[in-house]
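A.B. asks: This is the structure alone, sequence omitted:
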């Protein structure tokens, strides 16, 4: 498909009502552009067709099943968009709560922030929250900075953070960016091995970052022992909330002994996902870490009024402009209120049920390396298929031909020919069956005609792309003409 | 393909020792598991590494993976051609796809010979 620049024909333009004034009427002359801007020239119909066709080639959860393991590509109910578009929110200026005497003009927004924090505290069992981090990875970095602030304040000399090999890939990155040495420990039977932890645990360890359930979709059964071991060396336990949607309503991480948790609102609380944002990664902390939370913090006065409090001398300071992505956590707030405690718990139950249903249906056709009750996602391995020359990549491509998004492949790294499926709670049984039936059909085709699978996809606008060439000889610019 | 004249680390690097110089690369098994490499990050000449230390990384279409020194020493030469042609590691892991040369300091411990390495990858494959 040609780009809109390639379709450009000099002199073509659309028709749109305007006031007829030249640019000089709005912009000082010395600031006006001297050269042509180099935008394409196209008629209105050309533009409409171009972008309509592009949208038809787009793949999203609005159109098809999207079982991308570890990513939680669930459907987001549209009512949250309605809430976030309410003019009482969209027309607020973010400086208002900081202006003397203007606090009463934004009480509603401040209440949303306050109440969202309280709800997240209730759901996760934490003492306090900050809503400021702009995405999950930002939340992770904020969380690790809080860990550092805690140790510095106590006079602890800590240099290391432990990350299990079944954790999310961002965990070691966040710890390293914060300046810690990352110590990786190997899983045993798919979960953290307390013995492996004991071997690397000393008083230089600042904390451990844990994804629970982990990226294999397995729950960490040794949590109480791990918490006890870390407490002995005054190390903090960090909970990567990316998989909170598997335990919400069932386990409160604060009650278990975690000190810091970040949440990916787009995964558990149905805010928009992907496309580079805007995201939101609130961070919750236990009471002993609360003094270090970023400023500002929303407080409620006895008369019910809300205000921003900056008076936290031990705070790590600002991590984001203003208050984070307000419009995003507003949607999470609406979602939490709409579902309520019962609804959130049912969402968790359905996510876990869907994953286990698919796992059971697939176990005769694919290697399931940790074949026991999983949480919200599971991993399969295409090891039998690989013996026929059909790898996880080929199976993922063949699924595209069937109209599904591919699952995550080759992650986590500790599973061979890994296929990682996360169905989420928003899909019905018919959709799950459809996907499983297609996956079984691909496994059967692998036996009969492996080459056919290796050639997939054949029904899409593009067939097998040369990913190696794309990575080795990257072309990141487009000639836009002049 | 596991050349008998090389020593191997459990982390799938090979080492060829010639006097006090060690040439280091990754094994055929490692390159096959990684898939097509797209980037090789190597240290600078003059850097020193202890055995087992991370000396660089490789990226493939599937994953990024650290490289660990199978033997300690000072870097005396790196394979500069890999910057523009990482595929050499895939095509010729034991020859043109070598990564670095070290001036050896100290005796390496726990390296595997070809037979022991073969047993290791067979156990990992199942």
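C.D. replies: Nice, thanks for sending it over. A quick note: this is a predicted structure, and the numbers were derived from the prediction, not measured.
A.B. asks: Could you list the low-confidence segments of chain B?
C.D. replies: Within chain B, the segments meeting pLDDT under 70 span B:125-126.
A.B. asks: so where do the strands sit in it?
C.D. replies: With DSSP state E, the ranges of strands along chain B come out as B:7-8, B:13-18, B:21-26, B:37-41, B:48-49, B:54-60, B:64-68, B:73-78, B:100-104.
A.B. asks: who wins for proximity to chain A among those?
C.D. replies: With CB to the nearest CB as the measure, strand B:37-41 is the member of these nearest chain A (3.7 Å). Just so you know, the C-beta spots here come from the backbone N, C-alpha and C atoms, and that holds for glycine as well.
A.B. asks: List of residues touching that closest one?
C.D. replies: Contact partners of strand B:37-41, identified using CB atoms under 8 Å, 6 or more residues apart in numbering or on different chains, comprise A:468, A:471-472, B:31, B:56-61, B:82-83, B:86-87, B:89-90, B:99.
A.B. asks: Spatially nearest residue to whichever residue of the stretch 101-250 of chain A sits closest to chain B, not counting backbone neighbours?
C.D. replies: For the stretch 101-250 of chain A, the residue closest to chain B is residue A:169, as judged by CB to the nearest CB, at 9.1 Å. Spatial nearest neighbour of residue A:169, chain neighbours left out: residue A:411 (7.6 Å); criterion: CB to CB, 6 or more residues apart in numbering or on different chains.
A.B. asks: tell me the contacts of the one you found?
C.D. replies: Taking CB under 8 Å, 6+ apart, one finds A:69-70, A:169, A:215, A:418, A:420, B:63 in contact with residue A:411.
A.B. asks: Mean neighbour count added to the strands of chain B, as CSV?
C.D. replies: Shown next, in CSV, are those (neighbours: other CB atoms under 10 Å in any protein chain shown):
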stretch, mean neighbour count
strand B:7-8, 22
strand B:13-18, 18
strand B:21-26, 22
strand B:37-41, 20
strand B:48-49, 19
strand B:54-60, 19
strand B:64-68, 18
strand B:73-78, 18
strand B:100-104, 21
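A.B. asks: Just to check, residue A:83 is in contact with residue A:330?
C.D. replies: Yes: counting by CB atoms under 8 Å, residue A:83 does reach residue A:330; the two are 6.5 Å apart.
A.B. asks: got the contact list for the host helix or strand of residue A:239?
C.D. replies: Per DSSP states H and E: residue A:239 is located in strand A:236-240. If you take CB under 8 Å, 6+ apart as the criterion, strand A:236-240 is touched by A:140, A:143-144, A:147, A:150, A:167-168, A:170-171, A:206-212, A:226-227, A:230, A:253, A:257-262, A:289.
A.B. asks: Report the buried members of those residues.
C.D. replies: A:140, A:143-144, A:147, A:150, A:167-168, A:170-171, A:206-212, A:226, A:230, A:253, A:257-262, A:289 (16 or more other CB atoms under 10 Å in any protein chain shown).
A.B. asks: Number of residues surrounding residue A:221?
C.D. replies: Per other CB atoms under 10 Å in any protein chain shown, the neighbour tally for residue A:221 reads 11.
A.B. asks: which ones are touching the nearest residue to residue A:297 once chain neighbours are set aside?
C.D. replies: Excluding the flanking residues, the one nearest residue A:297 by CB to CB, 6+ apart is residue A:309, at 5.2 Å. By CB under 8 Å, 6+ apart, the contact list for residue A:309 reads A:295-299.
A.B. asks: Is it possible to get JSON lines of those residues that adds pLDDT?
C.D. replies: What follows is the contacts of residue A:309, written out as JSON lines (pLDDT from 0 to 100):
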{"residue": "A:295", "pLDDT": "97"}
{"residue": "A:296", "pLDDT": "95"}
{"residue": "A:297", "pLDDT": "97"}
{"residue": "A:298", "pLDDT": "97"}
{"residue": "A:299", "pLDDT": "96"}
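A.B. asks: Contacts made by stretch A:191-205 with the rest, please.
C.D. replies: Counting by CB under 8 Å, 6+ apart, A:157-162, A:164, A:166, A:183, A:185-188, A:208, A:210, A:214, A:216, A:218-222, A:225-226, A:229-230, A:233-235 sit against stretch A:191-205.
A.B. asks: one more time with 7 Å
C.D. replies: A:158-160, A:162, A:164, A:183, A:185-188, A:214, A:218, A:220-222, A:225-226, A:229, A:233, A:235 (CB atoms under 7 Å, 6 or more residues apart in numbering or on different chains).
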